[in-house]
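Peer 1: when you get a sec, could you give me coordinates for this:
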Amino acid sequence: MTETSIATITISGTGGQEGNLLNPVNIASIISALRDADADPAVSGVVLTGAGDVFCSGLDIPAIQAGGDPVEFATALAELLKLLPTLGTPVVAAVNGDAVASGASIVAACDYAVAVPHARVGTREVSVGIWPMVAQVPIIQRIGTRAAMENVGSGEPFTAERAREVGLVNEIAAPEELEARAAAWLAKAARAGSIVAIGRPAFYRFAEMDYAEALDASVALFADMNRR
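Peer 2: Reported below is the predicted structural model:
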C-alpha cells in the first residue's frame, strides 16, 4: 500500500502584508501548489489555510486603486476558483481567522471547511459600495441564492455559527483543534481511495448541469467505474 500524506498550502500576503490579500502573484503560487499536490500520488488531501490569525481578506483592492489592472486581479482569482472543483484531490479549508470578500469564495470552493469560533466568513464589498462580482459565484453555488443574498446583499459576513448553519462551513473547532479536525475531514474523504480522482470532479460538474443531463452523463461514468 502506498503511504499517503496531507499537503498544507498557506495563503500569505506579499511582503508580509497583513490580511493575506490576494494578487496575481500569490494567487499563481496557490494555483501552482494545488496542481503540484494534485499531481502527487502520495498526497491524499490538501489543507488550505491562512498565515497568522487571518485566513484571507480578499483581493488587494488598495493595489488595484494604486494602478493595478482589475482584469488581471479578477482573472487570476477566477482561475483559482475554477481550478478547485476540477482537482482529483479533496481540499479542506482550515479557516483560522476571518475569510472575507474573495477569501470567503475560496472557502466556498473547497470540499469541506472547518472554522475557528471567532472567524467571520462572507463577502463585505457591499458595505463599501462595491459588488462582489467574482467572489459571489462560489458562495451562490455552495449555499443557494437565499442564504447567499443574506450575506452578499448586506455586506455583513456570517459569524462562524451562521456560516455553519447555512452550509458554508462544516464544523467549528477551537484554534488548537483546527488542524486535527481539518485532517479528520480528509481522512473521511480518503475512504474513496483512488476513485475520488474521478468522482470528485464529476460531483461538481453534475451540480452545475440540468438534472436529466447529469443523469445521462452519470451512466457512462458509472459503467467506466465498474469496468476498472
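
Peer 1: show me how the record splits this structure into domains.
Peer 2: Per automatic domain parsing, the domain ranges recorded for the chain read 5-190, 193-227.

Peer 1: from start to finish, how long is the first one in a straight line?
Peer 2: End-to-end distance of domain 5-190 (Cα to Cα, to the nearest Å): 11 Å.

Peer 1: do the same with the shortest one
Peer 2: Across its full length, domain 193-227 reaches 16 Å between end residues, using Cα to Cα.

Peer 1: now do the buried residues in it.
Peer 2: Within domain 193-227, the residues scored as buried using 16 or more other Cβ atoms under 10 Å are Val196, Arg200, Tyr204, Arg205, Phe206. For every residue, glycine as well, the C-beta is placed using N, CA and C.

Peer 1: now swap in stretch 66-79 and tell me
Peer 2: Buried, per 16+ other Cβ under 10 Å, within stretch 66-79: Gly68, Phe73, Ala74, Ala76, Leu77.

Peer 1: just put the residues you listed in CSV and tack on distance to Arg146, secondary structure and pLDDT.
Peer 2: Formatted as CSV, the buried residues of stretch 66-79 follow (distance: Cβ to Cβ, whole Å; DSSP: H, G, I helix; E, B strand; the rest coil; pLDDT from 0 to 100):
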residue, distance to Arg146, secondary structure, pLDDT
Gly68, 34, coil, 94
Phe73, 29, helix, 96
Ala74, 26, helix, 97
Ala76, 30, helix, 97
Leu77, 25, helix, 98
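
Peer 1: in this structure, which spans are strands?
Peer 2: Using DSSP state E, the strands of the chain run over 5-11, 43-50, 91-95, 99-100, 112-115, 120-122, 158-159, 171-172.

Peer 1: Pro157 and Ala7, how far apart?
Peer 2: Using Cβ to Cβ, to the nearest Å, Pro157 is found at 28 Å from Ala7.

Peer 1: and what of Ala223?
Peer 2: 32 Å.

Peer 1: dump the strands of the chain into JSON lines; add mean pLDDT, distance to Lys82 and mean neighbour count as well.
Peer 2: Formatted as JSON lines, the strands of the chain follow (pLDDT from 0 to 100; distance: least, Cβ to Cβ, whole Å; neighbours: other Cβ atoms under 10 Å):
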{"stretch": "strand 5-11", "mean pLDDT": "96", "distance to Lys82": "17", "mean neighbour count": "18"}
{"stretch": "strand 43-50", "mean pLDDT": "97", "distance to Lys82": "15", "mean neighbour count": "23"}
{"stretch": "strand 91-95", "mean pLDDT": "98", "distance to Lys82": "14", "mean neighbour count": "29"}
{"stretch": "strand 99-100", "mean pLDDT": "98", "distance to Lys82": "19", "mean neighbour count": "32"}
{"stretch": "strand 112-115", "mean pLDDT": "98", "distance to Lys82": "19", "mean neighbour count": "29"}
{"stretch": "strand 120-122", "mean pLDDT": "98", "distance to Lys82": "21", "mean neighbour count": "27"}
{"stretch": "strand 158-159", "mean pLDDT": "98", "distance to Lys82": "24", "mean neighbour count": "22"}
{"stretch": "strand 171-172", "mean pLDDT": "98", "distance to Lys82": "26", "mean neighbour count": "19"}
